[in-house]
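Peer 1: Got a predicted structure plus its sequence, pasted below:
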There are 4 protein chains.
Amino acid sequence: MARITLDEVNGLDAAGFVARFGGIAEHSPWVAERAAAARPFDTLTAFHAAMTSAIAAADEATQRMFLRAHPDLAGRAAVAGELTAASNVEQAAAGLDRLTPAEMARFQDLNGRYAARFGFPFIMAVRHADKHAILAAFDRRVRNDPAAEIATALAEVGKILWMRLLDAVVPKPCGRLTVHVLDTASGCPAPGMVIELLRLAPTPVRLKTFVTNADGRLDGPALAGAELEAGSYELLFHAGPYFAAAGNALSAPPFLDRIPIRFGVANPEQHYHVPLLVSPWSYSTYRGS
Amino acid sequence: MARITLDEVNGLDAAGFVARFGGIAEHSPWVAERAAAARPFDTLTAFHAAMTSAIAAADEATQRMFLRAHPDLAGRAAVAGELTAASNVEQAAAGLDRLTPAEMARFQDLNGRYAARFGFPFIMAVRHADKHAILAAFDRRVRNDPAAEIATALAEVGKILWMRLLDAVVPKPCGRLTVHVLDTASGCPAPGMVIELLRLAPTPVRLKTFVTNADGRLDGPALAGAELEAGSYELLFHAGPYFAAAGNALSAPPFLDRIPIRFGVANPEQHYHVPLLVSPWSYSTYRGS
Amino acid sequence: MARITLDEVNGLDAAGFVARFGGIAEHSPWVAERAAAARPFDTLTAFHAAMTSAIAAADEATQRMFLRAHPDLAGRAAVAGELTAASNVEQAAAGLDRLTPAEMARFQDLNGRYAARFGFPFIMAVRHADKHAILAAFDRRVRNDPAAEIATALAEVGKILWMRLLDAVVPKPCGRLTVHVLDTASGCPAPGMVIELLRLAPTPVRLKTFVTNADGRLDGPALAGAELEAGSYELLFHAGPYFAAAGNALSAPPFLDRIPIRFGVANPEQHYHVPLLVSPWSYSTYRGS
Amino acid sequence: MARITLDEVNGLDAAGFVARFGGIAEHSPWVAERAAAARPFDTLTAFHAAMTSAIAAADEATQRMFLRAHPDLAGRAAVAGELTAASNVEQAAAGLDRLTPAEMARFQDLNGRYAARFGFPFIMAVRHADKHAILAAFDRRVRNDPAAEIATALAEVGKILWMRLLDAVVPKPCGRLTVHVLDTASGCPAPGMVIELLRLAPTPVRLKTFVTNADGRLDGPALAGAELEAGSYELLFHAGPYFAAAGNALSAPPFLDRIPIRFGVANPEQHYHVPLLVSPWSYSTYRGS
């Protein structure tokens, strides 16, 4: 289904809103019903916050009922083809439709012990995980304190809601990606460094090529507004030619040459600042601000 | 020509040594003649040091004559097919056999100005460079102080000799690659993180897959001895699943997931230690010891 | 009271052990009684683990009773002079005996709300905190989920027990402090750098002065065994003279000159590795391994 | 002598300018004479650039004569009390007026060898150095290539001129100090962290205390304009209370608590950006932009 705009979201009447978004929270249209009153939403982030706030404001019995409305991972519903469409896509993305018999047995065992301990199924935002990471988390969480585990499960629900909302609504084009390169060998911004920007999924595509300016930055955002979509990216910094041109003594081949920084954009309404602090022999990066 | 061993190098008589290695220093067999006396060589690094020491010990007139024995980059000799085999391979690796007319004109101009200023041709270890980086360095070096430029040219010769020696002699299998992962969010080594090791050239090949032990290290070197060849490598750290399994709150997709660290090994007789200091939102690496 | 050795701890009969350590866990000699059976203790770390395991193994009612045995911070017992000696020292170290009337009122309000919500007093290892940090934590924790707050309170108890045990028993002299300096401008260990080591409390005292060796390390541990006591230290790295002597172009004064790294040693039975990665314009440190 | 303003500098006639600044370049009023024509100077940085450009534009014989006009370090002129006032202050700041006989002998030996090799005395901006670092640099530079050593000596002269100009003229109040704290454990700016700012010399004085805002920054520059003087500073980041209040699990005492970052401001007309990237177990800083 095509994504609609925030203006369209805000223009729906209450019934239309619930018709459209009642299924975002698994089998729980009441979440959308309560969130509807918080409109208008300036951002998809605000829409999401209205959904998670509605859940947080519910009493514990309602929260438990809500958690129980979720399917097991790799469970009977999946085997029987009874998942919601969204759950089906998510579980397949994590490879849960292609388990070995031993893995399937391990999931069934964990599903059983988890449900016995907490009274609701194990919930995890699996779209970007793999089965090994899921099993490791499952194994850790099944031993959690019950109250801590409700909090963890609700946090995972929050991530699932966010990804489902991103599939349904066009985010506000207010995000951007910016880049900065500092040469820590010379203590100044790194001018004239070539940087390639790639989108990694579904297949790697080079989006743009930049050259840093005198302040070690690009002349504008690397990506801005609708250009910045949720997903995985790579910045490829041509550090070797930069240091060679600057006269640094390098080995052949240099220890550092093309430096790839891969990062995920979860919320395209935010600002992602990705700095590179680099000498010929070391580098650091972090999510900046 | 097949590479020979250090034992074979040390077993050659003086004439045989010069016959074999007289061409390593461009048109200057005297370099090998003088280096021969420093045998036996325990390592290729020692062999190389004997060659560069012979050049450093020569008087300035001899050094200038030696520098003059080198061909221009993208110069008449290249066009006329009169390069030594080694120079030909090196210039082609940098793309200097495929210049546009404008680039060719720029090289001729720089070659002329450089020779007029310094009295010898521009020398640069170009096998791992590209024409843009070479032109940037050329443009910077043509304005160097003459004495500083002799030192720079001899340093580049040192790198060229090293790469030619690596083509001719099997290095001593005493090098190794080691890896260490520290979780800076929890202040402890990162156990259980999957790490893939790839050789990048000529085409990327995955060599091995590791899992860090309780000390955040591998149980032995990632590569040791003859396994560690000169060239370009990538370590791919599976940080996302590690942090997810450890219970860190991550976005979906996580900001950091697979972290690639690409690095070059110039001297396979050395120890390359590549640490990763990583939190869910930042990382650093450096050539350690 | 003078500290006793682990051998003496292990040699006590059960009654003697409880007589000596029954007061470590606030008004709760049963903790020591249950821990006694885990002897012999090879380390103070093991002794501490036996105490915290005894608490963790208790049922929730016992745990709550145990938590209720603790005094309020800045509460009635403190005002009335009815604290245990240990609690009295700890609260005074944090300045809780010198509150303004407004601060006192804020503590009373938080104490009341906290007790009403959780049924036990607010517990925090305050010996190294100050009243502002305590109030900030108090304010955050009073809104915690009840189960999460029990876990947090027990974690704080663990820290309090550790500090009380350190006052009562000589730790095993198996810890050490090591140091490493890497020059990230040149990609190699930093030899010949002067490093001063200071103990900071009760008043700063210079303990030793070192010079790094060819591997950028000290020739042995900076502190080892009984020399490494719990407390606060500073390493003062003379980076400016190192880089000046190495020929780096520096400003006057240099951006970085003497670099102080201050760190706390909580458990003197552990290995503290403190590396410095440094260029003339940047540095990093971390707890290494 | 009181410092004058840039407006006053620009208002001087040529004779007045040379009368005032002819002594800045050691015994070489021609440097100021040639720099005078570059007025008006918008900044002291521009004034300094005019002086160093005048020297760089001179022919080599003039440059050598200029270098020869400098006194030996710890040399005959110093012993005889014949230094210029500026040189006298500078050499005393480095402790060169308080050498042991062995150190004095080492200086005389190096002075002799250096002059014999290069034909001019050893020049170094010593005001922020100590005798050990000076001797180490001396020992390295006496073996330099002659042309490289002229370049090094002129670079040191540039630093000496800068410090003398700072003593003579009020810089333009266009510099500033800014600070940023990023929490790399949580991937976001660190709000609410207390930061103390100290001036370190002549004796440590606390200048200001800040609290970071929601973006991990201060609401304005920490120092701006005339407040930012050349010299040494310390930022003391209260990281321990920040992480404790944020609910991170810390040891007692924490590994990191108060984090001091000491840095030098050489040019108060510039922007000094000092970021702290910090987790409970690691931190980095660098000169940012």
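Peer 2: Perfect, I can see it now.
Peer 1: what's around the residue lying closest to residue A:171 once chain neighbours are set aside, how many residues?
Peer 2: Sequence neighbours aside, residue A:44 is the residue nearest to residue A:171 in space, at 4.3 Å (criterion: CB to CB, 6 or more residues apart in numbering or on different chains). C-beta here means a position set from N, CA and C on the backbone, and glycine is covered the same way. By the other CB atoms under 10 Å in any protein chain shown criterion, the neighbourhood of residue A:44 contains 21 residues.
Peer 1: just the helices in chain A please.
Peer 2: Using DSSP state H, the helices found in chain A span residues A:6-11, A:14-21, A:29-36, A:44-57, A:60-68, A:76-79, A:85-93, A:101-118, A:131-141, A:146-168, A:239-245.
Peer 1: Could you export these as TSV, including mean pLDDT?
Peer 2: Formatted as TSV, the helices of chain A follow (pLDDT from 0 to 100):
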stretch	mean pLDDT
helix A:6-11	97
helix A:14-21	96
helix A:29-36	96
helix A:44-57	96
helix A:60-68	94
helix A:76-79	77
helix A:85-93	84
helix A:101-118	93
helix A:131-141	88
helix A:146-168	91
helix A:239-245	91
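Peer 1: what's the most buried one of these?
Peer 2: Per residue and on average, the most neighbours among the helices of chain A fall to helix A:239-245, with a mean of 24 (mean count of other CB atoms under 10 Å in any protein chain shown).
Peer 1: That helix close to chain B?
Peer 2: Yes. Against chain B, helix A:239-245 shows contacts by CB under 8 Å from any CB of the partner chain at A:240, A:241, A:244, A:245.
Peer 1: Closest to residue D:284 out of those residues?
Peer 2: residue A:240 (22.9 Å; CB to CB).
Peer 1: Correct me if wrong: that closest one contacts residue A:250.
Peer 2: Yes. If you go by CB atoms under 8 Å, residue A:240 and residue A:250 touch, sitting 7.1 Å apart.
Peer 1: residues in contact with the residue nearest to residue A:171?
Peer 2: A:6, A:165, A:166, A:169, A:170, A:171, A:172, A:269 (CB atoms under 8 Å, 6 or more residues apart in numbering or on different chains).
Peer 1: quick check, nearest of those residues to residue A:19?
Peer 2: Within those, proximity to residue A:19 (CB to CB) peaks at residue A:169, which comes in at 14.4 Å.
Peer 1: interface residues of the stretch 151-289 of chain A facing chain C?
Peer 2: Within reach of chain C by CB under 8 Å from any CB, the stretch 151-289 of chain A has these residues: A:151, A:184-188, A:255, A:277, A:279-282, A:284.
Peer 1: out of these, who's near chain D?
Peer 2: The subset of those within reach of chain D, by CB under 8 Å from any CB, is A:184, A:187, A:188, A:277, A:284.
Peer 1: and the third one, how many neighbours?
Peer 2: Residue A:188 has 16 neighbouring residues, counting by other CB under 10 Å.
Peer 1: Kindly report the same for the first one.
Peer 2: Taking other CB under 10 Å as the criterion, the count of residues near residue A:184 is 29.
Peer 1: Would you map out the domains in chain A?
Peer 2: A:6-168, A:176-285 (automatic domain parsing).
Peer 1: Please tabulate those in TSV, including the columns distance to residue C:32.
Peer 2: Formatted as TSV, the entries for the domains of chain A read as follows, by distance: least, CB to CB, whole Å:
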stretch	distance to residue C:32
domain A:6-168	26
domain A:176-285	47
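Peer 1: Residue D:203: which of those is closest?
Peer 2: Residue D:203 lies closest to domain A:176-285 among those, at 27.8 Å (CB to CB).
Peer 1: which parts of chain A sit against chain D?
Peer 2: A:180, A:182, A:184, A:187-189, A:215-216, A:277, A:284, A:286-289.
Peer 1: Just give the closest residue to residue A:66, not the sequence neighbours.
Peer 2: residue A:28 (5.2 Å).
Peer 1: Please tell me I have it right and the one you found contacts residue A:69.
Peer 2: Yes. The criterion here is CB under 8 Å, and residue A:28 meets it with residue A:69 at 5.5 Å.
Peer 1: Neighbour count: those two, which is higher?
Peer 2: Set side by side, residue A:28 and residue A:69 show more neighbours around residue A:28, with 21 against 14, by other CB under 10 Å.
Peer 1: so how far is chain B from the more buried one?
Peer 2: Residue A:28 is 20 Å from chain B, where distance means CB to the nearest CB, to the nearest Å.
Peer 1: swap in residue A:201?
Peer 2: Taking CB to the nearest CB as the measure, residue A:201 and chain B are separated by 9 Å.
Peer 1: Next: residue A:79.
Peer 2: To chain B, residue A:79 is 25 Å away according to CB to the nearest CB.
Peer 1: what do you get for residue A:186?
Peer 2: Distance of residue A:186 to chain B, given as CB to the nearest CB: 14 Å.
Peer 1: now swap in residue A:44 and tell me
Peer 2: Residue A:44 is 14 Å from chain B, by CB to the nearest CB.
Peer 1: and if you look at residue A:246?
Peer 2: In this view, residue A:246 and chain B are 8 Å apart by CB to the nearest CB.
Peer 1: ok, now residue A:266?
Peer 2: 4 Å.
Peer 1: need the contact list for that residue.
Peer 2: Residue A:266 sits next to A:162, A:230, B:251, B:252, B:253, B:254, B:255 when contact means CB under 8 Å, 6+ apart.
Peer 1: My guess is the first one contacts residue A:48. True?
Peer 2: Going back to what we said before, that points to residue A:162. Yes. At 5.3 Å, residue A:162 counts as touching residue A:48 under the criterion of CB under 8 Å.
Peer 1: Now do the contacts for residue A:55.
Peer 2: Residues in contact with residue A:55, defined by CB under 8 Å, 6+ apart, are A:25, A:31, A:63, A:66, A:154, A:157.
Peer 1: Setting aside sequence neighbours, what's the nearest residue to the residue in the stretch 1-150 of chain A that chain C sits nearest to?
Peer 2: When scored by CB to the nearest CB, the stretch 1-150 of chain A has residue A:147 as its residue closest to chain C, at 2.8 Å. Once flanking residues are discounted, residue A:147 sits nearest to residue C:147: 2.8 Å by CB to CB, 6+ apart.
Peer 1: again, but for residue A:185
Peer 2: Residue nearest to residue A:185 in three dimensions, not counting chain neighbours: residue A:279, with 4.0 Å by CB to CB, 6+ apart.
Peer 1: what's the answer for residue A:20, then?
Peer 2: residue A:12 (6.4 Å).
Peer 1: measure the one you found to chain D for me?
Peer 2: Distance of residue A:12 to chain D, given as CB to the nearest CB: 33 Å.
Peer 1: Can you get me a residue count around that residue?
Peer 2: 16.
Peer 1: got a list of what the residue of the stretch 1-150 of chain A found nearest chain D touches?
Peer 2: Nearest residue of the stretch 1-150 of chain A to chain D (CB to the nearest CB) works out as residue A:148 at 13.1 Å. By CB under 8 Å, 6+ apart, the contact list for residue A:148 reads C:145, C:147, C:148, C:151.
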